[in-house]
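**Q** got a predicted model here, sequence first, then my questions.
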Amino acid sequence: MMSSSSARTAADINWTEALFWCKMVNSAYEMYDSCPSNLTPTPPADFPTDWEIENLLIVHPVVVFFTETKFIGYVARSKTDPAHVAIVFRGTKTELEWVLDAEFGLVDFAEVPNAGETEKGFTECFRSLYGTNTDGSNETPFTEVLAQVTSSAKVTIAGHSLGGALAILAGISAANLTQTEVYTYAAPMAGDPAFAAAYCETVPSNYRVYNEPDIVPKLPGELFGFVQEGAGIPLNSLNYPAIGHSLKDYHNISTYLYMLENPIAPD
């Protein structure tokens with residue numbers, strides 16, 4: 001049974017914060033889209049001036065004979081509160097990442113004792129992460145990046161889609177070491193019931209935002225042994241005439257940004 005502390009409702013979330021972290025995730029997308037082959041992209045012009053990117057996050061997953069090295073996120077520190085660090089992940093963009101998303105097998109999440117099993121593709125992607133300085137120097141395994149980050153007083157981890165799954169795996173890994181909050185948008189199911197229970201117990205500050213017609217948060221599905229990490233906070237793009245009605249529209253981060261920027265009061 002999942003901890004009730006993670007059964008969030010609209011009343012439990014600071015919507016200004018939810019919008020801010022969604023924008024931070026969108027910055028990771030913009031950095032990647034500026035040049036997909038560039039492993040050292042610079043932050044977009046509208047990146048918050050009171051935050052500074054300290055490290056870039058690179059993913060190097062391997063599926064059968066295919067391998068790909070891509071920028072997938074960053075570590076930033078607040079200038080106004082240097083004890084507050086953020087880890088931010090973009091979502092799925094490349095063909096290989098879609099293959100990883102579709103690996104519905106379960107593997108033991110050995111990074112955290114007694115944490116159940118997690119989706120094979122997400123876990124392999126998580127284990128392939130490493131960090132670099134902003135100039136690409138000093139390649140460091142993500143476990144070491146996480147150890148350095150969690151020496152800070154507070155860590156916020158955020159991600160969309162595949163990045164949401166990575167945020168969940170990073171969140172349970174960090175929460176045993178320091179105060180951790182996790183914001184996910186359109187995150188798929190990352191693990192089995194044992195993992196979900198362990199995650200919800202370990203990460204009470206868990207804000208899982210999802211769009212009701214978006215199919216991704218419903219995958220890989222209970223039929224394959226997965227459940228979601230907490231009840232989640234629903235939005236519904238069907239209530240917005242300006243938003244398109246396709247599977248892509250339902251899932252796109254721009255849809256989540258639009259709904260968070262234009263909230264509709266619940267009935």
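**A** Arrived safely. Numbers count the residues shown, from 1 in each chain.

**Q** now do the contacts for the nearest residue to Tyr210 once chain neighbours are set aside.
**A** Excluding the flanking residues, the one nearest Tyr210 by CB to CB, 6 or more residues apart in numbering is Pro217, at 4.2 Å. Placement of C-beta: from N, CA and C, glycine included. For Pro217, the contacting residues are Ala186, Ala187, Pro188, Met189, Arg208, Tyr210, Asn211, Gln228, Gly232, by CB atoms under 8 Å, 6 or more residues apart in numbering.

**Q** apply 7 Å and report the result again.
**A** Ala186, Ala187, Pro188, Tyr210, Gln228 (CB atoms under 7 Å, 6 or more residues apart in numbering).

**Q** which of those fall in helices?
**A** Using DSSP state H to define helices, no part of these is located there.

**Q** highest neighbour count among those?
**A** Ala187 (28 neighbours; other CB atoms under 10 Å).

**Q** what's the following helix or strand after the lowest-mean-pLDDT helix or strand in the chain?
**A** When the helices and strands of the chain are compared on mean pLDDT, DSSP states H and E, helix 95-101 comes out lowest with a mean of 47. Proceeding N to C from helix 95-101, the next assigned helix or strand is strand 106-108, under DSSP states H and E.

**Q** for Gly163, give me its contacts.
**A** Gly163 touches Val25, Gly73, Phe89, Arg90, Gly91, counting by CB under 7 Å, 6+ apart.

**Q** the fourth one contacts Tyr74, correct?
**A** The reference is to Arg90. No - Arg90 is beyond contact range of Tyr74, at 9.3 Å (criterion: CB atoms under 7 Å).

**Q** what's across from the residue nearest to Thr123 when sequence neighbours are not counted in the sheet?
**A** Nearest residue to Thr123, sequence neighbours excluded (CB to CB, 6+ apart): Val107, at 5.4 Å. Beta-bridge partners recorded for Val107 (DSSP bridges): Thr118.

**Q** my guess is Val107 meets Glu124, correct?
**A** No - using CB under 7 Å as the test, Val107 is too far from Glu124 to be in contact (8.1 Å).

**Q** report how many residues lie close to the closest residue to Gly105 other than its chain neighbours.
**A** Ranked by CB to CB, 6+ apart and with sequence neighbours excluded, the top spatial neighbour of Gly105 is Lys120, at 4.0 Å. Using other CB under 10 Å, Lys120 is surrounded by 15 other residues.

**Q** swap in Glu144?
**A** Per other CB under 10 Å, the neighbour tally for Glu144 reads 11.

**Q** any idea what the closest residue to it other than its chain neighbours is bridged to?
**A** Spatially, and ignoring its direct neighbours in sequence, Glu144 is nearest to Gly131 (7.7 Å; CB to CB, 6+ apart). On the basis of DSSP bridges, Gly131 is bridged to Leu57, Thr140.

**Q** how about the contacts made by Gly131?
**A** Asn55, Leu56, Leu57, Val75, Thr140, Phe142, Val145.

**Q** swap in 8 Å and give it another go.
**A** Contacts of Gly131 (CB under 8 Å, 6+ apart): Asn55, Leu56, Leu57, Ile58, Val75, Glu139, Thr140, Pro141, Phe142, Glu144, Val145.
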